[in-house]
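A.B. asks: need a structure here:
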Amino acid sequence: MNQQLNIAFIGAGNMSSSIIGGLIQGGYPANQVMAANPSQGKLEVLKDKFAIQTTNDNLKAAQFADVLVLGVKPQMMETVCNQIYTIPGLSDKLIVSLAVGMTVERLNALLRCQPAMIRCMPNTPSLLGLGVSGLFASKTSDAQNQFVTQMMENTGQVIWLKSEPEIDRLAAISGSGPAYYFLFMESMIEKAVALGFTPETAKIMVQQTALGAAEMVKENNIPVSTLRENVTSKGGSTAEALRVFNEKQLKSIIDEAVDAAITRASEISKTM
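C.D. replies: Predicted coordinates for the structure are as follows:
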């Protein structure tokens, strides 16, 4: 990873903080990382924890950066871009946007230029280094793509996308996906409690089962369907539970839910 580049984050929320933490823990020079945020409290936490540079001035951060990470909410993006678009050399910087729904075309319009840009769609497990980040590049070099790959690998797996619309599809699987699993786990916990287990015991049972199942998928180079079959004895209790899932058309429900998420994401993008 090229450690000669200055990286600035506008926005010091959880996702920016997780990326910064991964960079510093991976050996990136702290004096070449800067975070900008109106909240002095958030900046003090980052400064104390990682010894990076901080500022309340978005212009200062943008001027400092070779790589500028826009980590603000979509509704704040226009305000930020109106602050920074006048700085000299903006079009020569690499822009990384974490904003949901903000297309490259829209960001170029707000920035009044067409810099090298990468849209990044991480998910919440990235906060634990266990995330998935979808990346889509516009006008970037191989070196820039490699730099951002290494930056985001500190938060988990990286998937490069060939077209911008794929971001909405990835978001419907990995971006929204944790909520789907949480709903399933929540329902399992509630059922365990109804069966007489304490909430604490129910949570341990469900979380460890989910963790173990995920680890088995990761560690075994066989289809998930084979793992499912290995747990399912013909005529047994697991088979009976799966029969109910199939009769209630669980797969069709998942298909419909993911399609709904993609449609909604596309609608949101058109309003930004």
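A.B. asks: Provide a list of residues in contact with residue 70.
C.D. replies: Residue 70 sits next to 10-11, 77, 80, 95-99, 107 when contact means Cβ atoms under 8 Å, 6 or more residues apart in numbering. Backbone N, C-alpha and C define where each C-beta goes, glycine included.
A.B. asks: can you put those in JSON lines and add secondary structure?
C.D. replies: As requested, these are exported to JSON lines (DSSP: H, G, I helix; E, B strand; the rest coil):
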{"residue": "10", "secondary structure": "strand"}
{"residue": "11", "secondary structure": "coil"}
{"residue": "77", "secondary structure": "helix"}
{"residue": "80", "secondary structure": "helix"}
{"residue": "95", "secondary structure": "strand"}
{"residue": "96", "secondary structure": "strand"}
{"residue": "97", "secondary structure": "strand"}
{"residue": "98", "secondary structure": "coil"}
{"residue": "99", "secondary structure": "coil"}
{"residue": "107", "secondary structure": "helix"}
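A.B. asks: just the residues you listed now: which is nearest residue 160?
C.D. replies: Nearest to residue 160 among those is residue 96, at 13.6 Å by Cβ to Cβ.
A.B. asks: mind checking pLDDT for residue 25?
C.D. replies: If you check residue 25, the pLDDT there is 90.
A.B. asks: Okay, now the sheet partners of the strand ranked longest in the chain, with direction.
C.D. replies: The longest strand of the chain (DSSP state E) is strand 131-138. When pairing is defined by DSSP bridges, strand 131-138 lines up against strand 116-121 (antiparallel), strand 156-160 (parallel).
A.B. asks: what helices or strands is whichever helix or strand comes after that strand leaning on?
C.D. replies: Where DSSP states H and E defines the elements, the next helix or strand beyond strand 131-138 is helix 142-153. Judged by 3 or more Cβ pairs under 8 Å, 6 or more residues apart in numbering; DSSP states H and E, the packing partners of helix 142-153 are helix 14-25, strand 67-70, strand 94-97, strand 116-121, strand 131-138, strand 156-160.
A.B. asks: what's the most buried one of these?
C.D. replies: Ranked by mean neighbour count, the helices and strands packed on helix 142-153 are led by strand 67-70 with a mean of 26 (mean count of other Cβ atoms under 10 Å).
A.B. asks: pLDDT on that strand, on average?
C.D. replies: Strand 67-70 shows a mean pLDDT of 98.
A.B. asks: strand partners of that strand, parallel vs antiparallel please.
C.D. replies: strand 7-10 (parallel), strand 94-97 (parallel).
A.B. asks: Domain ranges for the chain, per the record?
C.D. replies: Domain assignment for the chain by automatic domain parsing gives 7-164, 177-271.
A.B. asks: From the contacts of residue 70, list the buried ones, please.
C.D. replies: Listed as buried from these are 10-11, 77, 80, 95-99, 107; burial here means 16 or more other Cβ atoms under 10 Å.
A.B. asks: Which members of those are the farthest-apart pair?
C.D. replies: With distances taken as Cβ to Cβ, the most widely separated pair in the buried ones among the contacts of residue 70 is 11 and 107, at 14.3 Å.
A.B. asks: Let me have the buried ones among the contacts of residue 70 in JSON lines, adding pLDDT and distance to residue 246 as columns.
C.D. replies: Formatted as JSON lines, the buried ones among the contacts of residue 70 follow (pLDDT from 0 to 100; distance: Cβ to Cβ, whole Å):
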{"residue": "10", "pLDDT": "98", "distance to residue 246": "48"}
{"residue": "11", "pLDDT": "96", "distance to residue 246": "44"}
{"residue": "77", "pLDDT": "96", "distance to residue 246": "44"}
{"residue": "80", "pLDDT": "97", "distance to residue 246": "49"}
{"residue": "95", "pLDDT": "98", "distance to residue 246": "47"}
{"residue": "96", "pLDDT": "98", "distance to residue 246": "43"}
{"residue": "97", "pLDDT": "98", "distance to residue 246": "41"}
{"residue": "98", "pLDDT": "96", "distance to residue 246": "39"}
{"residue": "99", "pLDDT": "94", "distance to residue 246": "39"}
{"residue": "107", "pLDDT": "97", "distance to residue 246": "44"}
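A.B. asks: what pLDDT does the residue lying closest to residue 258 once chain neighbours are set aside get?
C.D. replies: Leaving aside its chain neighbours, residue 258 sits nearest to residue 172 (4.8 Å; criterion: Cβ to Cβ, 6 or more residues apart in numbering). Note on residue 172: pLDDT of 96.
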